[in-house]
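S.K.: Compute the structure for the input listed below.
(one chain, ligands or ions: 1)
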Amino acid sequence: MHWSHTFYEQQDRLTGYYSKPIHPFHTGLAARVTAHRGQPGTLLELGAGGGQFATAAALAGHTVTALDLYARGGEHTRRLAAEHGVTVRARTADFYTADPDGPFDAVCYWDGFGIGEDADQRFLLSRVARWLTASAAAYVDVYTPWYWAHHAGFTQRTEGYVQTYGFDADGCRMLDTYAPAGGDPLTQSLRCYSPADLRGLLPGTGLTLAEVWSGGAYDPRAGVYDPQVELGKCMSYVAVLRRA
Ligand SMILES: C[S@@+](CC[C@H](N)C(=O)[O-])C[C@H]1O[C@@H](n2cnc3c(N)ncnc32)[C@H](O)[C@@H]1O
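M.R.: This next block holds a predicted model:
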């Protein structure tokens, strides 16, 4: 089985990451997508995790479908949405095979792009192109090679696990390893792309790169996260993709 079918469940067990409440970051991101669209509409979120963004988007007026492989993430999404008095259609499904009943005015994929090889990203992006209405956009978080190459070696220790970042320079992949106390280590490996690399992936997918929104960066020496830094320093950027 591919690591992505087990990693996130185990990560949740160790960190509780998927059962957190909505953070102001999610509300801000939902507002940014809404402002970019001009109005709320139908929105598909891929790899929606615990539904924090999906619920924030529903609160901003979008009609949201949240898709994730991880069933407990979907359960948390429904619970969180209900707590906030909105509805999110949470589906437990694989985005490589699911039919999410589009088209959508927006497709979002936060923190997760790059799981497979280039051919997998192309395959997923071609599916995304078919889920978009003519005027829609996809918003995809893409990890940068420069931040993750530099960040390799950073380690966090908790009572339950040690988390270490690495970088596969040959494959241009961020490696994120959890070593649970007394258990086997598990690693998430995400392909990192510059905007130029991403443009090279897109021909044939039906998408073009319309905008690049640089994201934030964590400075491990200062222990500070800056939510908005220049592209050459950020951990990830949002690729705004439109139908070619
Ligand atoms: C790093 S988590 C990010 C979760 C959420 N987007 C967030 O920002 O909090 C990546 C998510 O992608 C989901 N995922 C990975 N592969 C998937 C697939 N093939 N189909 C659907 N979801 C998938 C995982 O289960 C996980 O919830």
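S.K.: I'd guessed G47 sits against C108; true?
M.R.: No - using Cβ atoms under 8 Å, G47 is not in contact with C108, being 9.3 Å away. In short, each C-beta sits where N, CA and C put it, glycine included.
S.K.: for H23, what are its contacts?
M.R.: The neighbourhood of H23, defined by Cβ atoms under 8 Å, 6 or more residues apart in numbering, consists of Q52.
S.K.: Name the surrounding residues that touch the helix or strand where A56 lies.
M.R.: Using DSSP states H and E, A56 maps to helix 52-59. Outside helix 52-59, the residues that touch it by Cβ under 8 Å, 6+ apart are 20-23, 26-27, 29-30, 33-34, 40, 43, 45, 48, 64, 66, 77, 80-81, 84, 86-88, 90, 108, 110.
S.K.: So for G47 and C108, which sits in the more crowded spot?
M.R.: More neighbours surround C108 than the other of G47 and C108, with 26 against 21 (other Cβ atoms under 10 Å).
S.K.: Can you list the helices and strands that the helix or strand hosting that one packs against?
M.R.: Assigned by DSSP H and E, C108 belongs to strand 104-109. When contacts are defined as 3 or more Cβ pairs under 8 Å, 6 or more residues apart in numbering; DSSP states H and E, strand 104-109 packs onto helix 24-37, strand 42-46, helix 118-131, strand 132-143.
S.K.: That one near the ligand anywhere?
M.R.: No - applying Cβ under 6 Å from any ligand atom, one finds strand 104-109 separated from the ligand by no less than 7.2 Å.
S.K.: what's the angle from the helix holding A56 to helix 24-37?
M.R.: 50 degrees (axes from the mean of the first three to the mean of the last three Cα atoms, to 10 degrees).
S.K.: Can you tell me the strand partners of the strand holding C108 and which way each runs?
M.R.: Paired neighbours of strand 104-109 in the sheet (DSSP bridges): strand 42-46 (parallel), strand 132-143 (parallel).
S.K.: ok, back up a step: mean confidence for the helix holding A56?
M.R.: Helix 52-59 carries an average pLDDT of 98.
S.K.: likewise stretch 197-213?
M.R.: For stretch 197-213, the per-residue pLDDT averages 98.
S.K.: Ok, stretch 22-34 next?
M.R.: Mean predicted lDDT for stretch 22-34 stands at 98.
S.K.: The residue located most distally from the centre of the chain: which element?
M.R.: Farthest-out residue of the chain from its mean C-alpha position, per Cα atoms, centre = their mean: G182, at 29.4 Å. For G182, there is no helix or strand it lies in under DSSP H and E.
S.K.: what packs against the helix or strand where Q10 lies?
M.R.: Using DSSP H and E, the element containing Q10 is helix 7-15. With contacts defined as 3+ Cβ pairs under 8 Å, 6+ apart, helix 7-15 has these neighbours: helix 71-83, strand 173-180, strand 186-191.
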